[in-house]
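> Structure for this input, please:
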Amino acid sequence: MSSPGSTPDCSGLLGADGVFAEKLPGFTPRTTQQVLAQAVGRALSRQEMLIAEAGTGTGKTFAYLIPALLSGKRILISTGTRALQDQLYHRDLPAVRDVLGMPVKMTLLKGRSNYLCRHRLGLILNSSEGLFDKTGSRRELAYISDWARGTHSGEIAELGVVPENSPVWPQVTSTAENCLGQECPEYVHCCVIEARRRAQAADIVVVNHHLLLADMLLKEAGFGALLPGVDAIIVDEAHQLPDMAIQHFSMGLSSRQLQELVQDTRREYRAAADMPGFEAALARVEVSLADLQRHFSQVAIRTEWRELHPRHGLQTALQVLGTALQQSGQALEILAERSTGMENCRQRMAVVVMRLGQFVEEEPDGEQVRWVERHGRGFSLNLTPLDAAGRFQACMRETHCAWVFISATLSIHGGFGHFRERLGLEEAQELLLGSPFDYEDNALLYLPSGLPDVNTPGYTAAVVWAALPVIHASGGRAFLLFTSHRALQEAAEQLRGRLEFPLLVQGEAPRRRLLERFRELGNAVLLGTASFWEGVDVKGSALSLVVIDRLPFASPGDPVMKARLATLARQGHDPFIEYQLPQAVLALKQGVGRLIRDDTDTGVLMLCDPRITQKGYGKLFLESLPPMPRTRKLEEVQAFFVRILPVSVQRVPA
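Residues are numbered from 1 along each chain as shown. A predicted model of the protein is given here:
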């Protein structure tokens with residue numbers, strides 16, 4: 001372990017004669033990995049900020065874990081998703097710790113919704129309201145009840161027989177709103193508190209970006225902290241952080257929150273209180289909420305509020321709901337003294353009334369946008385800031401520690417200006433490392449000619465017809481990535497009955513199962529949208545072709561995007577050049593990254609959007625991609641597949 005203030009020498013450890021090459025089967029020394037590890041070590045030892053882009057194949061996880069463990073400091077590592085958290089904690093960290101032979105204390109900490117709440121489970125089990133009418137839900141509740149008697153961590157991922165999306169879990173886990181804190185009768189057995197105690201004692205704590213941002217917001221508001229104090233924070237998949245920060249700095253109120261508040265209030269009331277007419281007041285909230293949901297069912301999925309008001313009767317429906325909530329809140333002022341649970345419901349009701357009034361009555365300034373979102377039968381009301389940089393910087397200053405931001409996609413044409421601006425990162429060291437993979441020999445970029453304008457009605461059908469001979473040449477083994485669900489569904493209909501390979505379509509099975517089937521089949525064609533553009537790792541010949549239908553520009557009609565672009569224009573900026581274009585370049589880099597995942601991977605990237613060759617800005621996209629040969633000829637693509645694919649899967653050109 002290094003002495004305080006010194007930079008550990010990681011190059012030797014990661015070199016051809018190092019301990020990782022000696023002890024880890026299949027380990028490949030990479031110069032870029034060694035350079036990144038040294039840079040991370042310097043940032044940690046000097047309490048500095050580092051922004052680093054490490055191309056696919058660098059081995060960035062080991063490159064930051066090794067200096068983190070050697071530093072002797074308390075380190076918080078934040079990842080983009082819970083799945084990446086689990087991979088880091090259960091696979092990568094133990095591997096590095098064991099090779100280094102260091103007895104490092106480490107723990108995994110997730111948001112409270114990932115842990116059982118024993119108090120809420122008890123309320124459900126003792127309730128007579130028949131919350132779960134379906135046999136499957138009752139069976140899942142029984143499984144949870146049995147598991148609760150023996151679990152030590154209370155982490156719901158332990159119980160594999162109950163899916164993480166089961167409707168039972170929200171009823172037996174807590175939120176920041178319904179948690180009773182130290183007044184909870186099960187406080188001494190609280191799974192969340194125990195997980196946080198383990199984090200306080202750990203050298204390395206693994207969290208995700210949502211929990212990191214929630215903690216920063218709590219500290220900003222002066223309400224304590226969720227996470228322990230640390231010497232450094234390492235943010236992996238850092239390209240996701242700006243958008244997540246904006247989400248966390250938003251004010252929101254959803255129909256689900258309201259439904260859960262009514263359910264919890266009724267449950268606590270039946271357990272501890274009695275007031276004539278109170279349940280009728282709660283029923284009026286439910287009726288007015290259902291009426292509001294009916295009104296929202298008539299509007300677009302994401303809409304700016306000013307485009308709706310005063311149409312659709314939403315203003316009146318919101319006022320009726322507000323009145324019903326206020327009446328229930330007045331009764332709760334009296335009932336709150338009956339139990340801790342009732343007091344918690346009173347506080348939550350007051351917050352809900354305040355947020356509803358804030359949304360309805362306050363006209364946003366030019367720095368935020370008021371908008372609504374419809375999802376299924378539910379909805380959410382949102383006040384969203386257009387820029388997260390100022391508040392994120394204020395939160396960062398409170399941490400007093402080193403920061404390391406790492407991702408495979410942070411730069412635009414070799415610069416980090418766009419990422420820096422979105423988070424207000426003015427003073428930081430920078431490091432840009434390309435991928436060590438041999439794109440020149442192992443990959444080919446195909447830009448098909450003759451495709452129509454992307455806005456013509458027959459564009460998606462034209463993409464499918466252009467892709468069919470390429471899919472045939474690749475023997476299946478393809479990802480077709482789309483920028484919209486509508487295009488995906490149209491392409492799926494076009495391809496059904498025209499492929500000799502298995503067709504897998506996003507939405508027809510869970511994402512994890514689709515990827516498992518894709519790997520198992522070995523010659524499938526998978527159609528996906530946003531969630532398949534990043535975080536998908538398919539090594540080997542099962543994936544030899546990635547087709548991207550359009551350049552991934554965000555919809556200018558999205559209410560938050562629309563308001564952000566209008567604000568930039570008012571400030572004298574060029575919204576397209578300064579925001580839309582950089583965002584699309586980063587998104588494309590993520591999609592392209594699905595193709596080559598290993599030294600031996602080979603394949604074709606097919607970019608269909610004709611704008612990449614017809615528009616001046618197309619050059620920026622091309623210059624941001626890995627260095628691979630380009631062609632516009634189908635015959636050259638077919639010849640490439642003949643060269644790279646095993647004879648058993650080659651196809652005669654159609």
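> tell me the average confidence for stretch 405-418?
Confidence over stretch 405-418, taken as the mean pLDDT, stands at 93.
> In it, which residues are buried?
Residues of stretch 405-418 classed as buried by neighbour count (16 or more other Cβ atoms under 10 Å): 405-412, 416, 418. Glycine gets a C-beta too; all of them are placed from N, C-alpha and C.
> all strands of the stretch 301-450 of the chain, in order?
Under the criterion DSSP state E, counting those that start in this stretch, the stretch 301-450 of the chain contains strands at 302-304, 368-375, 378-385, 402-407, 429-433, 443-446.
> who does the last one touch, helix- and strand-wise?
Packing partners of strand 443-446 (3 or more Cβ pairs under 8 Å, 6 or more residues apart in numbering; DSSP states H and E): strand 603-607, strand 630-631, helix 634-644.
> now do 10 Å
In this structure, strand 443-446 packs against helix 459-474, strand 545-548, strand 603-607, strand 630-631, helix 634-644, with contacts taken as 3 or more Cβ pairs under 10 Å, 6 or more residues apart in numbering; DSSP states H and E.
> would you turn those into a markdown table with distance to residue 585, mean pLDDT and mean neighbour count?
Converted to a markdown table, those look like this (distance: least, Cβ to Cβ, whole Å; pLDDT from 0 to 100; neighbours: other Cβ atoms under 10 Å):
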| stretch | distance to residue 585 | mean pLDDT | mean neighbour count |
| --- | --- | --- | --- |
| helix 459-474 | 21 | 96 | 20 |
| strand 545-548 | 13 | 96 | 24 |
| strand 603-607 | 13 | 96 | 25 |
| strand 630-631 | 17 | 96 | 15 |
| helix 634-644 | 24 | 93 | 17 |
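> Identify whichever of the ones you listed lies nearest to residue 192.
Checking the helices and strands packed on strand 443-446 against residue 192 by Cβ to Cβ gives strand 545-548 as the closest, at 40.8 Å.
> How is the spatially closest residue to residue 43 that is not a sequence neighbour assigned, secondary-structure-wise?
The shortest distance from residue 43 to any residue other than its chain neighbours is 3.9 Å, reached at residue 50 (Cβ to Cβ, 6 or more residues apart in numbering). At residue 50, secondary structure determined by DSSP: H, G, I helix; E, B strand; the rest coil is strand.
> show me what contacts residue 50?
Under the criterion of Cβ atoms under 10 Å, 6 or more residues apart in numbering, the contact list for residue 50 reads 36, 39-40, 42-44, 64, 234, 402-406, 428-431.
> I'd like the distance between it and residue 521.
Using Cβ to Cβ, to the nearest Å, we find residue 50 at a distance of 41 Å from residue 521.
> try residue 461
When Cβ to Cβ is the yardstick, residue 461 and residue 521 sit 26 Å from each other.
> okay, and for the protein, where does confidence drop off?
Across the chain, the stretches falling below the confidence threshold (pLDDT under 70) are 1-7, 128-135, 220-226, 309-312, 362-365, 646-654.
> Let me see the domain layout of the chain.
According to automatic domain parsing, the chain comprises the domains 11-105+202-247+388-433, 112-193, 251-385, 439-649.
> related to what we said a few turns ago, any chance of the strands of the stretch 301-450 of the chain in JSON lines, with distance to residue 261 too?
Putting those into JSON lines (distance: least, Cβ to Cβ, whole Å) gives the following:
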{"stretch": "strand 302-304", "distance to residue 261": "24"}
{"stretch": "strand 368-375", "distance to residue 261": "18"}
{"stretch": "strand 378-385", "distance to residue 261": "14"}
{"stretch": "strand 402-407", "distance to residue 261": "37"}
{"stretch": "strand 429-433", "distance to residue 261": "46"}
{"stretch": "strand 443-446", "distance to residue 261": "53"}
